[in-house]
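>>> Return atomic coordinates for the entry below.
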Amino acid sequence: MRLFTTIAGLHCYLNLLRNEPQKYPYTIGLVPTMGALHEGHLSLIKRAREENKITVVSIFVNPLQFAPSEDFQKYPRQLQIDKKFCEQEGVDVIFAPTPETIGMENELSTNAQNYTTTVVPPSHTTSIMCGASRPNFFQGVATIVTKLLNLVQPNNAYFGQKDAQQLAIIKQLVKDLSLPVNIISCPIIREASGLALSSRNQYLTPEQKHQASILYTSLCHGKQIFLENRNTPNIIKKVKNAVKEKLTPQPTVKLEYLEIVHPETLQPLENIQNIALLAIAAYLGSCRLIDNILLRNRQPIIAIDGPAGAGKSTVTKLVGQNLGLLYLDTGAMYRAVTWMVLQAGIPLEDQAQVAELVSQCQIGFNGPENRHVMINGQDVTEAIRSREVTNHVSAIAAQPTVRYFMVKQQQQFGTKGGIVAEGRDIGTHVFPNSEVKIFLTASVTERSRRRLLELHQKGQTNISLEEVEKEIIHRDQKDSNREISPLRKASDAIEISTDGLSIAEVTQKIVDIYQKTCAGKY
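The predicted model follows:
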């Protein structure tokens, strides 16, 4: 692991990597922090390490984020402890500059913004919730994040859902400034009591920590009231009242705000169509705590991942039919794009022109049971099954830009829910908030046997079981180490081994899990 405190050192190291093609990391992941690392940061680092070749953790207590009355001088600084933490977790680079090094006056927000260029987010995103009591806070956040993204130039940057307002502002910033980075949201990590992990939790006494758990308890109560009354009038008021009532027995918790807003635009909501953010801030003594929970008014999503040969495609289709869910045929989406590229006469290796075309396409499904595949309004259901498309779909699907735009379209299908999809990273990347996550697997022997039977049925009898097993093992290694869309089991996925089970039995297992998980909630 390397520790850099200067921009020159950081740039030199990253440029050396980029200038050596044989060593160049396909992706760089950035985890911006203010230090005092805890298990919440660990979850971001683990995610970054899983998805990138190089992981950079920045440690910088940003003076632009603190008002004169706040805890800038007291904020915990423990670089040596954080360094050991990062080393243990396999971080590649720590960037820990001083304010002067990074081009900021070592002054608090009000003064420092008089001496440095700052990034100002839209006022409607900063004037509510945390911004109402901290008027310059998000200007400081936007400025340091923009600086770090420019300095590191990561492919992916990781932020926790706990700071939901910050997350929404950063996503908007990246979109508005056309910054070439993916902003990845990671779930809130909590103590056993439900208290969201925060560097400021160390200010709390054991008794105060116990009292602070009421924040999450009250949010969960609000969510339950929402699920039971989602289609009734005044649902916003009912949820807020429920949360406040739950807080009443703990008078030491002083409520600052309780808001229900759209998680992306931060606009206050009068009703909840698809999704809402229920957010809270409160003081316990002098310690200010925030937390939030998402309220989803949509049908559930089932994400099915697993290695090749585990029977995912067949089972996923049957699960959709059994439960009346849309089978999101992600393979057909990549085939449709491939067909469009071939029709346009674009050389497959011309990734820039492919990107130009794919960024403007729109894929949909309609007809009986949504089996017809449409691209830009044209039915290509039969055309995408041609030998030419089959021979070239892998080359197109491997292109990063194609993958990026296909995932965005898949996620658009997910906004209203009611879908089931299968792949390698559906539950970890495409739909990380799926209500049901399944990891479908089988032993190499079983998958090889199935593959051999399939080949024999196609008339390919000149291959042995041993040869098929070698191919399966090679495919597993390749899929698990792909630069794009590697095979991953979500931490909250239910694993089902299909060894010795029929397709009908596997399908029924997933249907039973769905019904048990979602019964009475949708």
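>>> How many neighbouring residues does Gly103 have?
13 (other Cβ atoms under 10 Å). All C-beta spots, glycine's among them, are computed from the backbone N, C-alpha and C.
>>> Report the secondary structure state of it.
Assigned with DSSP: H, G, I helix; E, B strand; the rest coil, Gly103 falls in the coil class.
>>> was I right about it contacting Thr116?
Yes - if you go by Cβ atoms under 8 Å, Gly103 and Thr116 touch, sitting 6.5 Å apart.
>>> contacting residues for Ala157?
Ala157 is in contact with 29-32, 145, 148-149, 170, 181-184, counting by Cβ atoms under 8 Å, 6 or more residues apart in numbering.
>>> buried subset of these?
The neighbour count (16 or more other Cβ atoms under 10 Å) marks 29-32, 145, 148-149, 170, 181-184 as buried among the contacts of Ala157.
>>> In helices, which of those fall?
145, 148-149, 170 (DSSP state H).
>>> which residues of the stretch 301-450 of the chain fall in helices?
312-323, 330-343, 351-358, 387-397, 400-413, 444-457 (DSSP state H, counting those that start in this stretch).
>>> what's in contact with the shortest one?
Residues external to helix 351-358 that are found in contact with it (Cβ under 8 Å, 6+ apart): 337, 340-341, 344, 346-348, 396, 399, 401-402, 405-406.
>>> Now with 6 Å, please.
Residues from elsewhere that reach helix 351-358 (Cβ atoms under 6 Å, 6 or more residues apart in numbering): 337, 341, 344, 346, 399, 401-402, 405.
>>> For those residues, give me CSV that also has pLDDT, neighbour count and distance to Leu16.
Shown next, in CSV, are those (pLDDT from 0 to 100; neighbours: other Cβ atoms under 10 Å; distance: Cβ to Cβ, whole Å):
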residue, pLDDT, neighbour count, distance to Leu16
Val337, 96, 26, 36
Val341, 96, 25, 35
Ala344, 95, 11, 39
Ile346, 96, 17, 35
Gln399, 91, 19, 27
Thr401, 90, 14, 26
Val402, 94, 24, 30
Phe405, 93, 20, 32
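>>> Now do the shared contacts for Gly103 and Thr116.
By Cβ under 6 Å, 6+ apart, no residue touches both Gly103 and Thr116.
>>> so which of the helices of the stretch 301-450 of the chain comes closest to Cys130?
Minimum separation from Cys130 across those (Cβ to Cβ) falls at helix 400-413, 26.7 Å.
>>> buried residues in that closest one?
Applying 16+ other Cβ under 10 Å to helix 400-413 flags 402-403, 405-407, 409-410, 413 as buried.
>>> quick one: low-confidence parts of the protein?
In the predicted model of the chain, residues 21-25, 68-71, 105-115, 483-484, 520-522 satisfy pLDDT under 70.
>>> do that again at 50, thanks
Applying pLDDT under 50 to the chain picks out no residues at all.
>>> distance of the closest residue to Asn297 other than its chain neighbours from Thr232?
Sequence neighbours aside, Ile272 is the residue nearest to Asn297 in space, at 4.7 Å (criterion: Cβ to Cβ, 6 or more residues apart in numbering). Separation of Ile272 from Thr232 (Cβ to Cβ, to the nearest Å): 11 Å.
>>> Among these two, which residue is more densely surrounded?
Neighbours were counted for Ile272 and for Thr232 using other Cβ under 10 Å; Ile272 has more, 20 against 9.
>>> name the element that one belongs to?
For Ile272, there is no host helix or strand (DSSP states H and E).
>>> Tell me how many other residues crowd Gln202.
Gln202 has 11 neighbouring residues, counting by other Cβ under 10 Å.
>>> What distance do you get for it to Leu487?
38 Å.
>>> Which parts of the stretch 1-150 of the chain are strands?
Here the stretch 1-150 of the chain has its strands, by DSSP state E, counting those that start in this stretch, at 2-4, 28-33, 54-59, 93-95.
>>> quick one: the closest residue to Glu264 other than its chain neighbours and Gly131, what's the gap?
With Cβ to Cβ, 6+ apart as the criterion, Glu264 has its nearest non-adjacent residue at 5.7 Å, and that residue is Ala168. As judged by Cβ to Cβ, Ala168 and Gly131 stand 11 Å apart.
>>> same deal with Gln153?
28 Å.
>>> Compare these two and say which is more crowded by neighbours.
Taking other Cβ under 10 Å, Gln153 and Gly131 do not tie; Gly131 has more neighbours (20 against 16).
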